[in-house]
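A.B. asks: Just the structure for this:
(chains A, B, C, D, E and F)
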4 protein chains.
Amino acid sequence: MAAGRKRSETSRLAALAATRALLVELGYERITLDAIAARAGVGRQTLYRWWGSKGAIVADAALAGGVATELRPIADSGDLRGDLRAWLNEWVSHVATPEGTSLTLALTAASSDNQAIADQLYERFTGPHEEQLRARLARAREVDQLPADADVSTIAAVLIGFLLYRILGRQRLPAASDVDALVSLVVRRQGDGHGEAARH
Amino acid sequence: MAAGRKRSETSRLAALAATRALLVELGYERITLDAIAARAGVGRQTLYRWWGSKGAIVADAALAGGVATELRPIADSGDLRGDLRAWLNEWVSHVATPEGTSLTLALTAASSDNQAIADQLYERFTGPHEEQLRARLARAREVDQLPADADVSTIAAVLIGFLLYRILGRQRLPAASDVDALVSLVVRRQGDGHGEAARH
Amino acid sequence: MAAGRKRSETSRLAALAATRALLVELGYERITLDAIAARAGVGRQTLYRWWGSKGAIVADAALAGGVATELRPIADSGDLRGDLRAWLNEWVSHVATPEGTSLTLALTAASSDNQAIADQLYERFTGPHEEQLRARLARAREVDQLPADADVSTIAAVLIGFLLYRILGRQRLPAASDVDALVSLVVRRQGDGHGEAARH
Amino acid sequence: MAAGRKRSETSRLAALAATRALLVELGYERITLDAIAARAGVGRQTLYRWWGSKGAIVADAALAGGVATELRPIADSGDLRGDLRAWLNEWVSHVATPEGTSLTLALTAASSDNQAIADQLYERFTGPHEEQLRARLARAREVDQLPADADVSTIAAVLIGFLLYRILGRQRLPAASDVDALVSLVVRRQGDGHGEAARH
DNA sequence: AGCTAATCGAGACGGTACGTCTGGTCTTGGA
DNA sequence: TCCAAGACCAGACGTACCGTCTCGATTAGCT
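C.D. replies: All right, here's what the predicted structure looks like:
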């Protein structure tokens, strides 16, 4: 029962780095497995051996060390609105880089193209972030920074959806004031009337 | 200088219909100009003559008669929340069809791929809808269904972003109750406190 | 009922010429359809469209304008031995060129590899030559330059087999004296005893 | 200086046997070192260690125990024509088997491809047989079964070339009557006129 | 008995060529 | 001048082999 040669970690990392670089330069559609292999100094068969398709390697490259890993957890300073603003602004500044924009667009294209990638993206990236957001909102609700009947899932979806719309629209990324307006819209100060209460 | 034969309207419509059909069956990445030409009974050169690229014909097909045109304007019954719920639900039911989902995903992929398509999409589709939404919200603000300082742009972006997130996530389309929660979150009954007013 | 573009004669000839050139340079095994296409300035698909395989194009290239077409018919001067010697010597000098040797070896390799090529080679090349040889021998028999019971098929096969053996052996091509010996062996002067006749 | 492990004779024989089997099944061009290694249950590196190339292993497999070794020497019963007929017929029946045909074609292809194989083939196989033939013919000449001026080299080449032509042609292997005609053509009964003797 | 070194089967590596498919262009003959 | 058909060049696709390079596991001779 012989072992055979081990998978080359060098090749794996070179392939992912080359993919990220080419994704930034060319975008998902114009990228080529030939180009990735050439840039990484790796055989084409090696890419097929370990990833099997362009979509898979792109997803892995974008998620492993690309977009996802540098994101910080949402702070819990006790100030929900401040924490959300900080988190959203960090996101925006992260995506505002050319690399961030390219990788995000590439992931969107790959997800639209391939259900498996979409699932992986959700499982490894979107889902954890959404869950983190819901957890932070739930904690805020417990300390009465949100009304007891606040719908944390809807709030989380609205925050992420807003970012998504602005990124994909590529017209203009949200400024700090846009983030302020967003947070103010969906998270009112506790003690603000909610429901039919105090007429003005 | 002879005038020559006129452009064949039959061919144009057949090409667009074939593109839509194949988009639904295959998605943006897997579609082929050969396949469009064959299904439409049209020469391949004819597609290049009038559209010039795969992206252009896909965008035209999806926008002209595909996703966009069947949408109704937002009603103005005087009841903002009801009107928004109706509009959002109509949108959801429109996208919930297989054809609607496929065309939306195809447009997303094409937009991620190609800035020109993204611009066209915004100009002919997203922009008008957002503008319509802002106009409806502004009218509501005038009749005091929204606070005077409400940020209609942010509200509009949030509503669209929420839909976008749910569609692209492909986990599950929003139910009527999700739409209710969304509308309740961003459009409070007039008289609700809004702004920095009360407690500190 | 439209016609479509005609097959490009330019491309066809360029492909065959490039194949011959590369066959001489590289030999059958080391030749590449990529290389043929590149040298001919022709798309690779065009080669597959019209020939379908490396073997087919090699056979066509070697037969059409390569080895076969320049061969003269066997003369009929009335002198069988002289005519055969001339024909054999012409053959040897033809094959003795680098191009002739390479093409012959390539055809042999291709025939060993592929029955279809072997059949085509026989039908378009070997067969006609053998038939021509048989016809010349039969005419000689009619004018009593060969015995009435001479087996023209065997003689023809022996002449061709001798050449084949010397060419494939690649040790040394037959000289004029070898050709003389061969002709003397298989074609005796009429009037020479044949059979049990004149004991010595 | 320790010695290390010895070469595995088991592996060597398994490799040669697998090569012969695959040569029969697939032919020279379609054979694969992967396939040989897999069938022999041998590592690929072992093949390269001991033979170094596909051509080398194929030549070794075909010559060692394949085509060559089973051939008997030419008998010397005193009857030259009978001995030649027996030898040729044995050859034909040997090659007429599927295995014999495949191995012969494989050797031809390999020789056309590779000069080193061609040389080895001549040295280990064709050469010895031709030499054996020449020796038998020379002995016959000494006992006056051939004319004193008979060219034994040409006769030997003619006999081998005839076989080669029939085998490679693959149209039909020579029957016993063809062998008779061949022998009668090149070996006339002593006492037959030979040379420029009689008529002018 | 332990050491040392060459061998073994297995299998990943960087490459090259395969045969196919598509993109975008050009040509043909008919309307 | 447009159209359907279809050949053209270019180049990416995913697969199959090549010849090389690790791996860990056997074998031996030499100490």
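A.B. asks: A:Asp76 reaches A:Arg136, doesn't it?
C.D. replies: Yes. Using C-beta atoms under 8 Å, A:Asp76 is in contact with A:Arg136, at 6.5 Å. Using the backbone N, CA and C atoms, a C-beta is placed for each residue, glycine as well.
A.B. asks: From the recorded domain assignment, give the ranges for chain A.
C.D. replies: Under the assignment automatic domain parsing, the domains of chain A span A:9-54, A:80-186.
A.B. asks: Now the shortest one: average pLDDT?
C.D. replies: Per-residue pLDDT over domain A:9-54 has a mean of 94.
A.B. asks: before we move on, what about the last one?
C.D. replies: Domain A:80-186 shows a mean pLDDT of 90 in the predicted model.
A.B. asks: May I ask you to confirm that A:Asn114 is in contact with A:Gly55?
C.D. replies: Yes. Counting by C-beta under 8 Å, A:Asn114 touches A:Gly55, with 4.4 Å between them.
A.B. asks: Phi first, then psi, for the residue nearest to A:Asp113 when sequence neighbours are not counted.
C.D. replies: Closest residue in space to A:Asp113, ignoring its immediate chain neighbours: B:Glu29 at 4.3 Å, by C-beta to C-beta, 6 or more residues apart in numbering or on different chains. Per-residue torsions, B:Glu29: phi -70, psi -30 (degrees, to the nearest 10).
A.B. asks: Could you give the number of residues near B:Glu29?
C.D. replies: 18 (other C-beta atoms under 10 Å in any protein chain shown).
A.B. asks: Contacts only, for it.
C.D. replies: Counting by C-beta atoms under 8 Å, 6 or more residues apart in numbering or on different chains, B:Glu29 touches A:Glu29, A:Asp113, A:Asn114, B:Ala109.
A.B. asks: Okay, and which of the residues you listed map to helices?
C.D. replies: A:Asp113, B:Ala109 (DSSP state H).
A.B. asks: show me where chain A has strands.
C.D. replies: Per DSSP state E, chain A carries no strands over any range.
A.B. asks: Apart from its neighbours in sequence, what residue is nearest A:Arg124?
C.D. replies: A:Leu63 (5.2 Å).
A.B. asks: Help me confirm that that neighbour comes into contact with A:Ile117.
C.D. replies: No. Taking contacts as C-beta under 8 Å, A:Leu63 lies outside contact range of A:Ile117: 9.8 Å.
A.B. asks: Give the full set of residues in contact with the residue lying closest to A:Asp180 once chain neighbours are set aside.
C.D. replies: Leaving aside its chain neighbours, A:Asp180 sits nearest to A:Arg85 (6.5 Å; criterion: C-beta to C-beta, 6+ apart). Contact partners of A:Arg85, counting by C-beta under 8 Å, 6+ apart, are A:Ala176, A:Val179, A:Asp180, A:Val183.
A.B. asks: what number of residues lie near A:Trp50?
C.D. replies: Count around A:Trp50 with other C-beta under 10 Å applied: 15.
A.B. asks: From A:Asp34, how far out is it?
C.D. replies: 16 Å (C-beta to C-beta, to the nearest Å).
A.B. asks: repeat for A:Ala148
C.D. replies: A:Ala148 is 58 Å from A:Asp34, by C-beta to C-beta.
A.B. asks: ok, and the closest non-adjacent residue to A:Tyr48?
C.D. replies: A:Leu33 (7.8 Å).
A.B. asks: Now for the one you found: which residues touch it?
C.D. replies: Here A:Leu33 is in contact with A:Arg44, A:Leu47, A:Tyr48, A:Lys54, A:Ile57 (criterion: C-beta under 8 Å, 6+ apart).
A.B. asks: What sits closest to A:Glu99 if chain neighbours are left out?
C.D. replies: That would be A:Val24: by C-beta to C-beta, 6+ apart, it lies 5.1 Å from A:Glu99.
A.B. asks: if we can go back for a sec, the more surrounded of A:Leu63 and A:Ile117?
C.D. replies: Comparing A:Leu63 with A:Ile117 by neighbour count (other C-beta under 10 Å), the higher total belongs to A:Ile117, at 23 against 20.
A.B. asks: Was I right to think that one contacts A:Gly55?
C.D. replies: Yes. Between A:Ile117 and A:Gly55 there is a contact under C-beta under 8 Å: 4.9 Å.
A.B. asks: what sits in contact with each of those two?
C.D. replies: Both A:Ile117 and A:Gly55 are contacted by A:Ala110, under the criterion C-beta under 8 Å, 6+ apart.
A.B. asks: Which residues of chain A lie near chain C?
C.D. replies: Proximity of chain A to chain C, by C-beta under 8 Å from any C-beta of the partner chain, involves no residues.
A.B. asks: Only the buried residues of stretch A:151-170, if you could.
C.D. replies: A:151-152, A:154-170 (16 or more other C-beta atoms under 10 Å in any protein chain shown).
A.B. asks: Contacts (any at all) between chain B and it?
C.D. replies: Yes. Residues of stretch A:151-170 are located near chain B by C-beta under 8 Å from any C-beta, namely A:151, A:154-155, A:157-158, A:160-166, A:168-170.
A.B. asks: got a list of what A:Ala56 touches?
C.D. replies: A:Ala116, A:Ile117.
A.B. asks: Kindly report the same for A:Asp34.
C.D. replies: Shown in contact with A:Asp34 (C-beta under 8 Å, 6+ apart): A:Arg44.
A.B. asks: what's the distance between it and A:Ala14?
C.D. replies: 15 Å.
A.B. asks: Of A:Asp76 and A:Arg136, which one has the most company?
C.D. replies: Using other C-beta under 10 Å as the criterion, A:Asp76 and A:Arg136 rank with A:Arg136 on top: 20 against 13.
A.B. asks: Tell me the spatial nearest neighbour of that one, not counting adjacent residues.
C.D. replies: Per C-beta to C-beta, 6+ apart, closest to A:Arg136 is A:Ile74, 4.6 Å.
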